[in-house]
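[1] My questions concern the predicted model and sequence given below.
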Amino acid sequence: MRKKLIIANWKMNGSVVANSKLLMAMLKFTNRLSNCELVVCPPYIYMHQVKEYIAGTNIKLGAQNINANEFGAFTGEVSVDMLRDFNCRYSLVGHSERRALYNESNDAIADKIKSLVAGGIIPVLCIGESLAQRERGEAKEVITTQLAAIIDVVGLKCFKSVVIAYEPIWAIGTGKTASVEQAQEIHQVIRQYLSKLDNKLFKDLSILYGGSVNENNAGALIKQKDIDGFLVGGASLKADALERICLGETVIIE
Ligand code: PGA
């Protein structure tokens, strides 16, 4: 069985005081997480703080981005080795906000994946279609094209180490989640696409769903055959919502 993976993407949110409160609240439920890996991706500046809080617990540390270069004159950037200094296990790559706001290309994303894999950090590759692409019936094609663009550069062997996060852009931060059918359909497309390329290499592939995941919709989504966990933005800043997402409890709103 694939392990459930929940990644909390704090984005550019938090403060020393707010993080401390959130982490204390998270530590109260993390010992009840069985068969679920919880990863926190704070802004870089708070990595040390998070590392101190999660020491000795089963929470893992993740980054929101990296620079593919080893070291040198790259003002404002952080390398894979620096992340390893903090025992960082995962890094997001190609989040749609980075693709859109910082012009991250598939080639740049591929370089980051290569550096992460070489450094032993698991890349979490974000892919997803825009609303216009979905409305034109292009969602599946957009997804497979995004996968192919990366695989062409990094190769299948390297890509095997990647976790995939399907995040329809229209569902991110909008409160509009993909329906369970829409999410499962794309997750299945991703799994089938990769198994066709190499069934054995991708038999343990983890595919996460992201986009307005919360304590009310997580329960139904996780029941889907090809959904292995979540990349959670807004709801990950609230300990009680995150707890329900991790423990798979659904709150029915009357
Ligand atoms: P959201 O963000 O849960 O706030 O929609 C998800 C993400 O961007 O990773």
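    The structure has been received and is ready for your questions.
[2] ok, and the closest non-adjacent residue to the residue of the chain found nearest the ligand?
    Of all residues in the chain, residue 233 sits closest to the ligand, at 2.3 Å by CB to the nearest ligand atom. Just so you know, the C-beta spots here come from the backbone N, C-alpha and C atoms, and that holds for glycine as well. In space, and not counting its chain neighbours, residue 233 is closest to residue 9: 5.1 Å by CB to CB, 6 or more residues apart in numbering.
[3] Tell me where the stretch 151-254 of the chain has strands.
    163-166, 207-210, 229-232 (DSSP state E, counting those that start in this stretch).
[4] So what's the residue count around the residue of the chain closest to the ligand?
    23 (other CB atoms under 10 Å).
[5] Isn't it up against residue 210?
    Yes - using CB atoms under 8 Å, residue 233 makes contact with residue 210 at a distance of 7.2 Å.
[6] what kind of secondary structure is the residue nearest to residue 161 when sequence neighbours are not counted in?
    Closest residue in space to residue 161, ignoring its immediate chain neighbours: residue 117 at 4.8 Å, by CB to CB, 6+ apart. Look at residue 117: counting by DSSP: H, G, I helix; E, B strand; the rest coil, its state is helix.
[7] Can you give me the separation between residue 11 and residue 104?
    15 Å (CB to CB, to the nearest Å).
[8] what does the stretch 51-200 of the chain have sitting close to the ligand?
    167, 172-173 (CB under 6 Å from any ligand atom).
[9] among the residues you listed, who's most crowded?
    residue 167 leads those on contacts (other CB under 10 Å) with 27 neighbours.
[10] averaged over its residues, what pLDDT does the top helix by length along the chain have?
    Ranked by number of residues, the top helix in the chain under DSSP state H is helix 180-197. Mean per-residue pLDDT for helix 180-197: 96.
[11] Likewise for stretch 11-27?
    Stretch 11-27 comes out at a mean pLDDT of 98.
[12] repeat for stretch 236-254
    Averaging pLDDT along stretch 236-254 yields 79.
[13] where along the chain do the helices fall?
    Under DSSP H, the chain gives helices at 16-27, 47-54, 80-85, 96-101, 106-118, 131-135, 139-154, 156-159, 180-197, 218-222, 239-247.
[14] Using JSON lines, lay out those together with mean neighbour count.
    Shown next, in JSON lines, are those (neighbours: other CB atoms under 10 Å):
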{"stretch": "helix 16-27", "mean neighbour count": "15"}
{"stretch": "helix 47-54", "mean neighbour count": "18"}
{"stretch": "helix 80-85", "mean neighbour count": "17"}
{"stretch": "helix 96-101", "mean neighbour count": "16"}
{"stretch": "helix 106-118", "mean neighbour count": "20"}
{"stretch": "helix 131-135", "mean neighbour count": "14"}
{"stretch": "helix 139-154", "mean neighbour count": "18"}
{"stretch": "helix 156-159", "mean neighbour count": "16"}
{"stretch": "helix 180-197", "mean neighbour count": "17"}
{"stretch": "helix 218-222", "mean neighbour count": "20"}
{"stretch": "helix 239-247", "mean neighbour count": "20"}
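[15] Need the ones you listed in JSON lines (columns: distance to residue 67).
    JSON lines is the format used below for these (distance: least, CB to CB, whole Å):
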{"stretch": "helix 16-27", "distance to residue 67": "24"}
{"stretch": "helix 47-54", "distance to residue 67": "15"}
{"stretch": "helix 80-85", "distance to residue 67": "8"}
{"stretch": "helix 96-101", "distance to residue 67": "12"}
{"stretch": "helix 106-118", "distance to residue 67": "8"}
{"stretch": "helix 131-135", "distance to residue 67": "29"}
{"stretch": "helix 139-154", "distance to residue 67": "17"}
{"stretch": "helix 156-159", "distance to residue 67": "18"}
{"stretch": "helix 180-197", "distance to residue 67": "27"}
{"stretch": "helix 218-222", "distance to residue 67": "32"}
{"stretch": "helix 239-247", "distance to residue 67": "29"}
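[16] Thanks again, I'm all set now.
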